[in-house]
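Colleague: Okay, predicted coordinates and the sequence, questions at the end:
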Amino acid sequence: MEIFLIGVLGGLLALDATSVGQFMISRPLVVGVLAGVVVDQPLLGATIGAILELYLLVSFPAGGSQFPEGATATVVAVASSAGVTGSGVLPLAIGLGLVWGQLGGVSVTLLRQANSKIVEERRDTVSGVSWVVRRHLSAIALDFFRGCLVTVSGVVLGRVGLQALSASWPLEVPSSIGLLLVGGSVSAGIFLRDLGGFRQRRTLFVVGMALGIIGSRVL
Amino acid sequence: MRTRIKSGALTAVFMRSFLVQGSWNYHTMLGSGFAFAMLPGLRSLYQDDEDKLEEPLERHSEHFNAHPYLTGIALGASLRLEADGAGAETVRSFKTAVRGPLGSLGDSLVWATWLPGISVLALAIYWLGLPGSWSALVFLLVFNAGHLGLRIWGFRVGYSEGRDVGRKLKVVDLSGLTARLRRVAVLFLGLLVGVLLGAEGGLASAGLLWGLLSVAGFAVGLLAGHYAWRPAATTLVVSIVLLTTWGLLR
Amino acid sequence: MSIVLFRVDERLLHGQVVIGWGNQLRPDRYLVVDEKLTVSGWEQDLYRLGAAGTEVQFVTPRVAREKLDFWRLDATRSILLTKEISAMGCLAEGGLLAGEKVNLGGIHHGPGRAEFLTYLHLTEDDISELEKLEAEGVEVTARDLPDTHRVNMKTLLKGKWKYS
């Protein structure tokens, strides 16, 4: 029953990313919280979501290029780590999320190739109006099932893997987070470059950084 | 010839613009979704005559692509052109010329600035130690206020201006807005980096080694830009696999 | 040398170019080499809207051939764009682009076009144009964005990498 719910969640969130709405409920930050509630691991869910969000900060779907799919990746990472103990949960979940995000991206590409056929095949018996409606809605339905499938397969595999491997992870929790933040820092650096680079933006950047350090010390 | 489109039909086209990417494909990209979204408006124009609808539906199924939030501009303007009785060629060349700019304006404003900008703000809130649900809520509310505003404005301005929508876009200066928002995003990014350096759950508690490596990672991203993204993600996944293997063999 | 990218892209100045490549390479100017656009003011206005404030010049292939050396020596960093492979071929004639790299971006589906990459649909004529480019000493690769795979001509024409 729970896996069914997770699948439906994965499918719906996958829809939000492209096909329906784009309200960005599908961002890892939000998905982590939602999936955390579903599998009753709200803290872990939020942490996984925040770290994956940091990674996917600078990766966006411009002009139909392939992109890592953050929604299914985060559901898979969070749902796989539910009930698993040991310091390896977080890094393994993130690693799994990154790999599954890429696979999700490939599945989106495959879906879009299938859509190329769906939108061009027309049966003579159908009027133009119902053809336009039918092909569009069936492509959306297909995207939903794709999201479910990618999510469920990831969770089934991930649960077995994380359960088996988490205890042998060699690093302590703070070091594990350190490792994950090294990767996240690369994204932060890319984003600053995208925004104009350090030299051009140093004043605002340094002011923000000072506020951040002070804020983190005060709170 | 000028025909009125019923306001209910306009609303329906606007609502359908949220689904415009539903059948995204490599042959016509948004084409099929564009026709789907135009349908209520075209129905209203051609008084539901299915035979007369064939040709315009075929035309609007042709290749199109833009940022989803700004596609409403093209939908609105195309409805205006259709209602004014503009010829098929005018509609076609308008859509061809407008798809690139609407793509790049939207990508720079939304995907490259607004989305990651609000996202780093929400991440800073999260690493300050506030609950994840708060940061998610802040993200969704702020981001979507801009998102919905842009969609509604775009559709209206498209429908009122028609082919001359370019002139209006120039006056409104979305690029200027993007430039200003980029500065705000820099501030938020700085905030996030500061919080990550100072916060309990961040680099402060991870130790010097990870702190230095993170600075190095940041520098790599800053210098190499997007060329660094894939190698960095791959390196991380490989490190996780190697560390796990080492742990298993130990 | 300060033409930082030669690119063939049917949509010219769209998100992939302005954000993807623009953020990466930071050009001061876009050079759009296209016969028809040089005489269409309203289309130029629309394309300029998408360039995020960066200067855009529209020139015919003939003028571009004359100015190529000037652009190369100029301190202004330019990204040069054409809609079709044939226009790039016209620039390259007589070895003018020898030793340069040409990037293939999006060319979308249409009659007579076969899919080589998800973003690249080529006609028979396109392929012979590509071979001509290589014969003129140009290195042709396909890559839609800086953070995706680069595909060289040989792999491209084998039709590999269909899913990336």
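Modeller: Received it, and whenever you're ready, just let me know what you need. Numbering: from 1, shown residues only, chains lettered A, B, ... in the order given.
Colleague: Packing partners of the worst-scoring helix or strand of chain B on mean pLDDT?
Modeller: Ranking every helix and strand in chain B by mean pLDDT, DSSP states H and E puts helix B:165-172 at the bottom, with a mean of 86. Secondary-structure packing of helix B:165-172 (3 or more Cβ pairs under 8 Å, 6 or more residues apart in numbering or on different chains; DSSP states H and E): helix B:71-83, helix B:88-106, helix B:132-161, helix C:41-49. C-beta coordinates here come from the backbone N, C-alpha and C atoms, glycine included.
Colleague: how about 6 Å then?
Modeller: On a contact count with 3 or more Cβ pairs under 6 Å, 6 or more residues apart in numbering or on different chains; DSSP states H and E, helix B:165-172 meets helix B:132-161, helix C:41-49.
Colleague: the inter-axis angle of that helix versus helix C:41-49?
Modeller: For helix B:165-172 against helix C:41-49, the angle by axes from the mean of the first three to the mean of the last three Cα atoms, to 10 degrees is 40 degrees.
Colleague: got a list of contacts for stretch B:193-200?
Modeller: A:Met209, A:Gly212, A:Ile213, A:Ser216, A:Arg217, B:Ala124, B:Trp127, B:Leu128, B:Gly202, B:Leu203, B:Ala204 (Cβ atoms under 6 Å, 6 or more residues apart in numbering or on different chains).
Colleague: in the helix or strand harbouring the third one, what's buried?
Modeller: Yep, that's A:Ile213 we're talking about. Using DSSP states H and E, A:Ile213 maps to helix A:198-218. Residues of helix A:198-218 classed as buried: A:Phe198, A:Arg201, A:Leu204, A:Phe205, A:Gly208, A:Met209, A:Leu211, A:Gly212, A:Ile213, A:Gly215, A:Ser216 (neighbour count, 16 or more other Cβ atoms under 10 Å in any protein chain shown).
Colleague: quick one: contacts for A:Arg135?
Modeller: Applying Cβ under 6 Å, 6+ apart, the residues contacting A:Arg135 are A:Ile118, A:Val119, B:Ser32.
Colleague: ok, of those, which one's closest to B:Leu249?
Modeller: A:Ile118 (48.8 Å; Cβ to Cβ).
Colleague: Distance check, that closest one against B:Gly117.
Modeller: Computed as Cβ to Cβ, to the nearest Å, the A:Ile118 to B:Gly117 distance reads 36 Å.
Colleague: Give me the neighbour count for the nearest residue to C:Glu84 once chain neighbours are set aside.
Modeller: Nearest non-adjacent residue to C:Glu84, counting by Cβ to Cβ, 6 or more residues apart in numbering or on different chains: C:Val8, 6.9 Å away. For C:Val8, the count of nearby residues is 28 (other Cβ atoms under 10 Å in any protein chain shown).
Colleague: so who does C:Val8 touch?
Modeller: C:Thr82, C:Ile85, C:Met88, C:Leu104.
Colleague: Most neighbours among the residues you listed, please name it.
Modeller: Result: C:Met88 is most packed of the contacts of C:Val8 (other Cβ under 10 Å), 29 neighbours.
Colleague: the helices in chain A, which residues?
Modeller: A:2-17, A:28-38, A:42-55, A:70-81, A:89-120, A:128-165, A:173-194, A:198-218 (DSSP state H).
Colleague: Can you give the domain ranges for chain B?
Modeller: B:7-100, B:201-250 (automatic domain parsing).
Colleague: Just name the most buried of those.
Modeller: domain B:7-100 (a mean of 21; mean count of other Cβ atoms under 10 Å in any protein chain shown).
Colleague: how about that one against chain A, any contact?
Modeller: Yes - using Cβ under 6 Å from any Cβ of the partner chain, domain B:7-100 reaches chain A at B:18-19, B:21-27, B:29, B:32, B:35-36, B:50, B:53-54, B:57, B:68.
Colleague: distance between that domain and the chain's centre?
Modeller: Mean C-alpha position of domain B:7-100 versus that of the full chain (Cα atoms, centre = their mean, to the nearest Å) differs by 19 Å.
Colleague: With distance to A:Pro42 and pLDDT as new columns, can the buried residues of helix A:198-218 be given to me in CSV?
Modeller: What follows is those, written out as CSV (distance: Cβ to Cβ, whole Å; pLDDT from 0 to 100):
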residue, distance to A:Pro42, pLDDT
A:Phe198, 36, 94
A:Arg201, 35, 95
A:Leu204, 34, 97
A:Phe205, 32, 97
A:Gly208, 29, 97
A:Met209, 29, 96
A:Leu211, 28, 96
A:Gly212, 25, 96
A:Ile213, 27, 94
A:Gly215, 23, 93
A:Ser216, 22, 91
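Colleague: ok, back up a step: quick one: whatever helix or strand comes next after the least confident helix or strand of chain B to helix A:198-218, angle?
Modeller: Sequence order places helix B:174-198 as the next helix or strand after helix B:165-172, per DSSP H and E. Counting by the same axes, to 10 degrees, helix B:174-198 lies at 50 degrees to helix A:198-218.
Colleague: mean confidence for helix B:174-198?
Modeller: Mean per-residue pLDDT for helix B:174-198: 94.
Colleague: Pull out the buried positions in it.
Modeller: B:174-175, B:178-179, B:181-182, B:184-198.
Colleague: same question, stretch C:37-55
Modeller: By 16+ other Cβ under 10 Å, the buried positions in stretch C:37-55 come out as C:37-38, C:43-52, C:54.
Colleague: returning to that earlier point: closest to chain C out of the contacts of A:Arg135?
Modeller: Within the contacts of A:Arg135, the smallest distance to chain C is 10.7 Å, found for A:Val119 (Cβ to the nearest Cβ).
Colleague: quick one, what contacts that closest one?
Modeller: A:Arg135, B:Ser23, B:Asn25, B:Ser32.
Colleague: Is the second one in a helix, a strand, or coil?
Modeller: So the one you mean is B:Ser23. Following DSSP: H, G, I helix; E, B strand; the rest coil, B:Ser23 is assigned to coil.
Colleague: Make sure it is actually in contact with B:Leu30.
Modeller: No - the criterion here is Cβ atoms under 6 Å, and B:Ser23 misses it with B:Leu30 at 8.6 Å.
Colleague: To what extent is residue 73 buried, counted in neighbours?
Modeller: The chain I'm using is chain A. 31.
Colleague: that's the wrong chain, I meant chain C
Modeller: 9.
Colleague: can you tell me how far the residue nearest to it when sequence neighbours are not counted sits from chain B?
Modeller: Of all residues not flanking C:Leu73 in the chain, C:Ser2 sits nearest, at 7.5 Å (Cβ to Cβ, 6+ apart). Relative to chain B, C:Ser2 is positioned 18 Å away (Cβ to the nearest Cβ, to the nearest Å).
Colleague: tell me the centre residue of chain A?
Modeller: By Cα atoms, centre = their mean, chain A has its centre lying nearest to A:Gly70, at 1.8 Å.
Colleague: contacting residues around that residue?
Modeller: By Cβ under 6 Å, 6+ apart, A:Gly70 lies in contact with A:Pro28, A:Leu56.
Colleague: how far does stretch A:160-177 sit from the chain's center?
Modeller: That offset, for stretch A:160-177, works out to 21 Å (Cα atoms, centre = their mean).
Colleague: Could you export it as PDB, CA atoms only?
Modeller: These are the backbone C-alpha positions of stretch A:160-177, laid out as PDB (Å, rounded to 0.1, in the frame of the first residue of the first chain):
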ATOM      1  CA  VAL A 160      17.500  -3.300  -0.700                       C
ATOM      2  CA  GLY A 161      20.700  -1.500  -1.500                       C
ATOM      3  CA  LEU A 162      20.600   1.000   1.400                       C
ATOM      4  CA  GLN A 163      19.600  -1.600   3.900                       C
ATOM      5  CA  ALA A 164      22.600  -3.800   2.900                       C
ATOM      6  CA  LEU A 165      25.200  -1.100   2.600                       C
ATOM      7  CA  SER A 166      24.400   1.700   5.100                       C
ATOM      8  CA  ALA A 167      26.100   0.000   8.000                       C
ATOM      9  CA  SER A 168      29.500  -0.300   6.200                       C
ATOM     10  CA  TRP A 169      29.700   3.400   5.300                       C
ATOM     11  CA  PRO A 170      33.100   4.400   6.800                       C
ATOM     12  CA  LEU A 171      32.600   8.100   7.600                       C
ATOM     13  CA  GLU A 172      30.900   9.800  10.600                       C
ATOM     14  CA  VAL A 173      27.800  12.000  10.000                       C
ATOM     15  CA  PRO A 174      29.600  15.400  10.000                       C
ATOM     16  CA  SER A 175      32.200  14.200   7.500                       C
ATOM     17  CA  SER A 176      29.500  12.700   5.300                       C
ATOM     18  CA  ILE A 177      27.700  16.000   5.200                       C
END
